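Visitor: A structural model of the following input is requested.
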Amino acid sequence: MPVKAHSSARLGVTLFIGACLAAVAGCSSLDHASKRLASVMTPYKVDVVQGNFVSREQVEALQAGMSRQQARDILGTPLVTSLFHAERWEYVFTIKRPGEDIQTRKLTLFFQGDLLQRFDGDTMPSEAEFVASLGSRSTRGKVPVLEATDTQLARFPAPERTASAPAVAPAEPVSTSYPPLEAPAR
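Guide: Model (predicted):
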């Protein structure tokens, strides 16, 4: 009896090791399949937009001698105001798109007291140019033709009309008289 128990234990260990090796082999083929699937499917990557977009039209509206409030009305609240440089406002705009370099635009306003002295910064795009640049990287597929040919339309006959029913109902005259908003006083 002891010899039989020893051989069945050895058989159990052998089966266990074989099952482990089969599982490891299965994992590697599963890993290979998941890598192939991942190479076909790409995750959605979002554009990261930060800061204040300032258009060419907004910069052209700035004039030396404006108050801080007038400049804020045109450009919005500045992204950076410093305690150490209270006479300077920074407008910074960055956009990071997947697979592209970060685009950064800066505009700095310099004040003396409450009045705008000067401003300096990058060349800003117009609003129309900026909006066009946002849509230009679209990777949508080909747009299908949305027109039916005569042969396609022939498959759907037009509904029959009776002779007594007019093709178009006559337009009713528009009423220009309105009821009073309040009840008349008694």
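Visitor: Can you give me the neighbour number for residue 111?
Guide: Here the number of neighbours of residue 111 (other CB atoms under 10 Å) works out to 18. Placement of C-beta: from N, CA and C, glycine included.
Visitor: for whichever helix or strand it is part of, packing partners?
Guide: Residue 111 belongs to strand 103-112 when assigned by DSSP states H and E. Judged by 3 or more CB pairs under 8 Å, 6 or more residues apart in numbering; DSSP states H and E, the packing partners of strand 103-112 are helix 68-75, strand 88-96, strand 115-121.
Visitor: what's the angle from that strand to strand 115-121?
Guide: If you take axes from the mean of the first three to the mean of the last three CA atoms, to 10 degrees, strand 103-112 sits at 160 degrees to strand 115-121.
Visitor: in strand 103-112, what's buried?
Guide: 105, 106, 107, 108, 109, 111 (16 or more other CB atoms under 10 Å).
Visitor: Show me the domain layout of this structure.
Guide: Here the domain parsing of the chain from automatic domain parsing is 8-42, 48-127.
Visitor: Centre of the chain to the strand holding residue 111, how far?
Guide: Relative to the mean C-alpha coordinate of its chain, strand 103-112 is positioned 26 Å out (CA atoms, centre = their mean, to the nearest Å).
Visitor: how much does it deviate in direction from strand 88-96?
Guide: 170 degrees.
Visitor: relative orientation of strand 103-112 and helix 68-75 in degrees?
Guide: 160 degrees.
Visitor: Having no further points to raise, I will conclude here.
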